[in-house]
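Novice: Let me see the structure of the following:
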Amino acid sequence: MERVWFKEGFFWGLPVNWLAYTLLWAHKGVHHRRAGFPSWSWTGWEGELSQCTSRPGDDIEYPMPFRAWKIESGELCLLGESSAGPTGGCDPIYAAALTLKQEPTYDLGLYSETQLSSLLFVDAFLFEMQVLETTDDIFPWQNLDKTKFTVKANGVDCLLVCYNEETVPKVRQAPHKLSCLLLDRSYIKECGWNYELLLLEWSRQTSKCEESPTSHLEHQVGELARRAGRLRLMMPDGRNYSNKLQALFGDRNFHTTLLVLE
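Specialist: Next up is the predicted model:
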């Protein structure tokens, strides 16, 4: 099976072939950090997994741009990359993806020798959303519960799904901005768009962010980030859809970034 499906091998337990999607694994129930392993991999946690991946092997109709590197022999080594597929119409994600081509210029001396082997260097879309809870019933077919609730994300009514109850408190501390990697998206007819997000926690925040938790986050190239959970953001199709899409992924909320997952 490994020779057929996982020809590129594994990096800290995740298949290199579909790294962007396999980063979207999720916990089931209580989980704790495991010392000596990276937070972005399931190997870095103790606890049961409810989902080991997103959807590798399927035909990805709307792939997200993504590149990742590891350190090998003291140098950056490309693990894999994918480009964005067109969706047509007014799509800020696809428009931004056309200009995505950053080359990593990391100073590896900033990281300790013990860190280097488990760091994942990523070139992807950083999505930042300010979350305000709302009671609008925008998804009548959904049974809302403690892990699934309606929000105003950047002023747009959406449904937010937390894949684990322990992620909920991090989201409900509104108003504030959540920093996420946008790794996957899918479109469901008569429902709208689903965006799969990897929630991040920063090892160090800028003074601007510390002064105002609702301000625009400005993170530096090479800044360390830890995995804090997995989210799904659902935006219904319908009236003023293009305007809502532009508001959700505005210039101040959505941009390419080079960061390091520890």
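Novice: Tell me which helix or strand Leu19 sits in.
Specialist: helix 19-22 (DSSP states H and E).
Novice: What mean pLDDT does that helix get?
Specialist: Mean pLDDT, helix 19-22: 87.
Novice: Quick one: list the elements packing against it.
Specialist: When contacts are defined as 3 or more CB pairs under 8 Å, 6 or more residues apart in numbering; DSSP states H and E, helix 19-22 sits against strand 66-72, strand 75-82, strand 176-188. Yep, even glycine has a C-beta here, placed from its N, CA and C like the rest.
Novice: would you put the C-alpha positions of that helix in PDB?
Specialist: Provided in PDB are the C-alpha atoms of helix 19-22 (Å, rounded to 0.1, in the frame of the first residue of the first chain):
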ATOM      1  CA  LEU A  19       0.300  16.900   3.200                       C
ATOM      2  CA  ALA A  20      -2.100  19.900   2.900                       C
ATOM      3  CA  TYR A  21      -5.100  17.600   3.500                       C
ATOM      4  CA  THR A  22      -3.600  15.300   6.100                       C
END
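Novice: show me where this structure has helices.
Specialist: With DSSP state H as the criterion, the chain has helices at 2-5, 19-22, 92-97, 113-116, 168-172, 207-211, 241-248.
Novice: which helices and strands does the longest one pack with?
Specialist: By that I understand helix 241-248. By 3+ CB pairs under 8 Å, 6+ apart, helix 241-248 packs against strand 156-162, strand 224-236.
Novice: do that again at 10 Å, thanks
Specialist: helix 92-97, strand 156-162, strand 192-202, strand 224-236 (3 or more CB pairs under 10 Å, 6 or more residues apart in numbering; DSSP states H and E).
Novice: Equivalent analysis for the fifth one, please.
Specialist: Packed against helix 168-172 by the contact rule (3+ CB pairs under 10 Å, 6+ apart) you find strand 120-133, strand 148-153, strand 156-162, strand 176-188, strand 192-202, strand 224-236.
Novice: Of those strands, give the one that comes closest to Ala20.
Specialist: Nearest to Ala20 among the helices and strands packed on helix 168-172 is strand 176-188 (5.1 Å), distances taken as CB to CB.
Novice: quick revisit: which of the helices of the chain has the lowest mean pLDDT?
Specialist: Minimum mean pLDDT among the helices of the chain: helix 207-211, a mean of 32.
Novice: What is the end-to-end distance of stretch 184-198?
Specialist: With CA to CA, to the nearest Å as the measure, the ends of stretch 184-198 fall 10 Å from one another.
Novice: What average pLDDT does it get?
Specialist: pLDDT averaged over stretch 184-198 gives 81.
Novice: Show me how far it is from its chain's centre.
Specialist: Computed by CA atoms, centre = their mean, to the nearest Å, the chain-centroid distance of stretch 184-198 equals 13 Å.
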